[in-house]
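Colleague: no sequence for this one, just the structure:
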């Protein structure tokens, strides 16, 4: 995937929707759709549920792509090495294990 905006554009075009038609479906004007698709504006995370319904895809897939894109942009803007993604995966794994242990203690 090139970017989350590119994914949105590809899916919109697969459905042969204009930016105006697509924007009407998700409640965003065509100007904002254009900026989202070209990466100069981020779609709000509150729109992910609507996107999942409109594109008929699993919400978790969209959530994962949305945050992966967001993290990748921030890493690039801060000149991080490729190792940042390995470290992020390790941190996420640690957080999930910690959260699971805390959940187990709550019963």
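Modeller: Received the coordinates, thanks. All values derive from a computational prediction rather than experimental measurement.

Colleague: CA only for contacts and neighbour counts going forward, please
Modeller: Will do.

Colleague: ok, for residue 18, nearest residue in space, not its chain neighbours?
Modeller: residue 12 (7.5 Å; CA to CA, 6 or more residues apart in numbering).

Colleague: buried set for the helix or strand harbouring that neighbour?
Modeller: For residue 12, the host element (DSSP states H and E) is helix 4-14. Within helix 4-14, the residues scored as buried using 16 or more other CA atoms under 10 Å are 4-5, 7-9, 12.

Colleague: Next: stretch 54-67.
Modeller: 59, 62, 65-66.

Colleague: could you give the mean pLDDT of it?
Modeller: Throughout stretch 54-67, pLDDT has a mean value of 96.

Colleague: and residue 78, what are its phi and psi?
Modeller: Note on residue 78: its backbone torsions stand at phi -100, psi 10 [degrees, to the nearest 10].

Colleague: residues near it, how many?
Modeller: Neighbour count of residue 78, defined by other CA atoms under 10 Å: 9.

Colleague: The one 4 residues further on now?
Modeller: Per other CA under 10 Å, the neighbour tally for residue 82 reads 11.

Colleague: for residue 86, same thing?
Modeller: Counted with other CA under 10 Å, residue 86 comes out at 11.

Colleague: element containing it, please.
Modeller: Here residue 86 is assigned to helix 83-105, by DSSP H and E.

Colleague: for that helix, what is the average pLDDT?
Modeller: 84.

Colleague: Just the residues contacting that helix, thanks.
Modeller: residue 75 (CA atoms under 8 Å, 6 or more residues apart in numbering).

Colleague: For the most centrally placed residue in the chain, which residues are in contact?
Modeller: Central residue of the chain (CA atoms, centre = their mean): residue 66, 0.9 Å from the mean position. Neighbour list for residue 66: 4, 45 [criterion: CA under 8 Å, 6+ apart].
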